[in-house]
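Trainee: Okay, sequence plus prediction incoming.
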Amino acid sequence: MDRINSFQHGVIHGDINEQNILLSLDSTQSPREQFSILDFGDSQHSCLVFDLAIAITYMVLQTGDLDTGGYVLAGYNKVRKVPYNELNVLQTCMMSRLCQSLVLGLYTYQEQGSNNPYVLGTQEAGWRLLDTLESYLKLYIPLHLHDFSSHLPVSYHHASWRS
């Protein structure tokens with residue numbers, strides 16, 4: 001508990017994913033006016049790093065490319081600089097969210113039957129991403145994401161988990 005108390009806390013959305021984000025293509029609007037978030041049903045007071053991990057996880061799932069997480073972190077860092085102690089747990093938080101989503105999705109599907117395929121949305125790609133995240137060294141993902149957020153060039157291929 002000491003470690004979690006060292007993280008910055010505040011109100012988090014709790015479910016930032018591609019289905020809860022609205023973007024406007026109106027170029028006359030400011031960037032803040034072009035971006036909206038929906039569905040505050042999972043909002044709560046918690047660790048801010050949890051929201052970042054959730055957003056990165058779902059954006060990486062959507063694109064099939066771990067580099068996407070670096071871009072999410074880079075944008076996030078423009079608003080709130082992520083402390084090193086939080087960056088250090090980002091990979092674990094991403095894996096935890098994936099586990100939560102995979103287990104609850106499968107449970108809900110089994111309870112409701114095939115009339116709700118939405119709950120299986122992350123199953124196939126999610127298990128592969130979880131395997132990929134688990135296979136990396138503990139600090140590899142956070143440091144890779146940090147390289148992107150610092151605009152340092154990083155070159156390697158790692159998107160094979162999606163295929």
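Mentor: Thanks, I have it.
Trainee: Could you grab the helix/strand/coil label for Asp26?
Mentor: Using DSSP: H, G, I helix; E, B strand; the rest coil, the structure places Asp26 in coil.
Trainee: Leaving out sequence neighbours, find the closest residue to it.
Mentor: Leaving out its chain neighbours, the residue that sits closest to Asp26 by Cβ to Cβ, 6 or more residues apart in numbering is Gln34, at 6.7 Å. No exception for glycine: its C-beta is placed from N, CA and C like everyone else's.
Trainee: Same check on Arg80?
Mentor: Leu48 (6.9 Å).
Trainee: hmm, back to that, how many neighbouring residues does the residue nearest to Asp26 have?
Mentor: When counting by other Cβ atoms under 10 Å, one arrives at 14 neighbours for Gln34.
Trainee: ditto for Leu120
Mentor: The local packing of Leu120 (other Cβ under 10 Å) involves 15 other residues.
Trainee: quick one: contacts for the residue nearest to Arg80?
Mentor: By Cβ atoms under 8 Å, 6 or more residues apart in numbering, the contact set of Leu48 is 7-10, 12, 80, 86.
Trainee: let's see 10 Å
Mentor: By Cβ atoms under 10 Å, 6 or more residues apart in numbering, Leu48 lies in contact with 7-12, 76, 80, 82-83, 86.
Trainee: tell me the strands in this protein, going along the chain?
Mentor: Using DSSP state E, the strands found in the chain span residues 9-12, 21-23, 35-37, 44-47.
Trainee: Give me the pLDDT value at Phe35.
Mentor: For Phe35, the pLDDT comes out at 76.
Trainee: Give the bridge partners for it, please.
Mentor: Following DSSP bridges, Phe35 is listed with bridge partners Leu23.
Trainee: mind listing what the residue nearest to Ala53 when sequence neighbours are not counted touches?
Mentor: The shortest distance from Ala53 to any non-neighbouring residue, by Cβ to Cβ, 6+ apart, is to Cys93 (3.4 Å). When contacts are counted by Cβ under 10 Å, 6+ apart, Cys93 touches 7, 47, 49-54, 56-57, 86, 142.
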